[in-house]
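Asks: quick one, structure for this:
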Amino acid sequence: MKAAISAGPAAMGTPNAMEKAGKYLSFRLAKEEFAIDVLSVREIMGMQEVTSVPQTPAYVKGVINLRGKVIPVVDLRLKFGLPELEYTQRTCIIVVQIEGEAGKMLMGAIVDGVSEVLTLQAADIEETPDFGDGTSAPYILGMAKIKNKVKILLDINMVLTAQEVQKLETALT
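Replies: The predicted structure is shown next:
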């Protein structure tokens, strides 16, 4: 029997491994592998020209026109404090649907490259370890153990804080 996948941040605390089980899109940032719930992914596209928006944080690369709809594009490398790299042919934009203050919104996330779609069982997933000294990473759902490697499971709704999403929505209206 397959467990249901929570559609957004868990209202009643951290989802357990059973609730986290399901299909994930894995991608690379630097040497690390990350994965997000495939249900939040709307499409994957190659890099294209991004229009800059003044007075936005450095990780907000700007906006793109996606079939007549203007959506913000965030460079996940910069958001996570990794060094900026020149984009390559493998660099792509994952268009995801996130929950904002005003409801659902589309956002592009620039990643170094998409790897595969994984089906994770509850046994493959461990809770996020305690990093000590008050370090908080609410956007990490857990850690997936696949073929002796670890993939970091992200809650894409939590990667940008509510305030950041609201600023993006305001900048685009």
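
Asks: and Glu19, what element?
Replies: Element membership of Glu19 [criterion: DSSP states H and E] is helix 17-20.

Asks: right, and the helix or strand after that helix?
Replies: Heading C-terminal from helix 17-20 (DSSP H and E), you reach strand 22-29.

Asks: give the other helices and strands that that following strand contacts.
Replies: Judged by 3 or more Cβ pairs under 8 Å, 6 or more residues apart in numbering; DSSP states H and E, strand 22-29 is in contact with strand 32-37, strand 103-111, strand 113-120, strand 149-154. Every C-beta, even on glycine, is put in place using the N, C-alpha and C of the backbone.

Asks: CSV please, covering these and showing mean neighbour count and distance to Gln97.
Replies: Converted to CSV, the helices and strands packed on strand 22-29 look like this (neighbours: other Cβ atoms under 10 Å; distance: least, Cβ to Cβ, whole Å):
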stretch, mean neighbour count, distance to Gln97
strand 32-37, 21, 10
strand 103-111, 19, 5
strand 113-120, 15, 17
strand 149-154, 18, 14
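
Asks: for Ala21, find the nearest of those strands.
Replies: The minimum distance between Ala21 and these falls on strand 113-120, with 5.7 Å, by Cβ to Cβ.

Asks: between that closest one and strand 22-29, how big is the angle?
Replies: Strand 113-120 and strand 22-29 are oriented at 150 degrees to each other (axes from the mean of the first three to the mean of the last three Cα atoms, to 10 degrees).

Asks: strand partners of strand 113-120, parallel vs antiparallel please.
Replies: Strand 113-120 has its sheet partners listed here by DSSP bridges as strand 22-29 (antiparallel).

Asks: any buried residues in the strand it pairs with, and which?
Replies: Residues of strand 22-29 classed as buried by neighbour count (16 or more other Cβ atoms under 10 Å): Gly22, Tyr24, Leu25, Ser26, Phe27, Leu29.

Asks: pLDDT averaged over it - what is it?
Replies: Strand 22-29 shows a mean pLDDT of 95.

Asks: circling back: tell me how far the helix holding Glu19 lies from the chain's centre.
Replies: In terms of Cα atoms, centre = their mean, to the nearest Å, the centre of helix 17-20 is found 18 Å from the chain centre.

Asks: who does that helix touch, helix- and strand-wise?
Replies: For helix 17-20, the packing partners by 3+ Cβ pairs under 8 Å, 6+ apart come out as strand 125-126, strand 140-146.

Asks: so who does the one residue sitting closest to the centre of the chain touch?
Replies: With distances taken as Cα atoms, centre = their mean, Ile156 lies nearest the centre of the chain, 3.8 Å away. Residues near Ile156 by Cβ atoms under 8 Å, 6 or more residues apart in numbering: Ile36, Asp37, Ser40, Val96, Ile98, Ala109, Tyr139.
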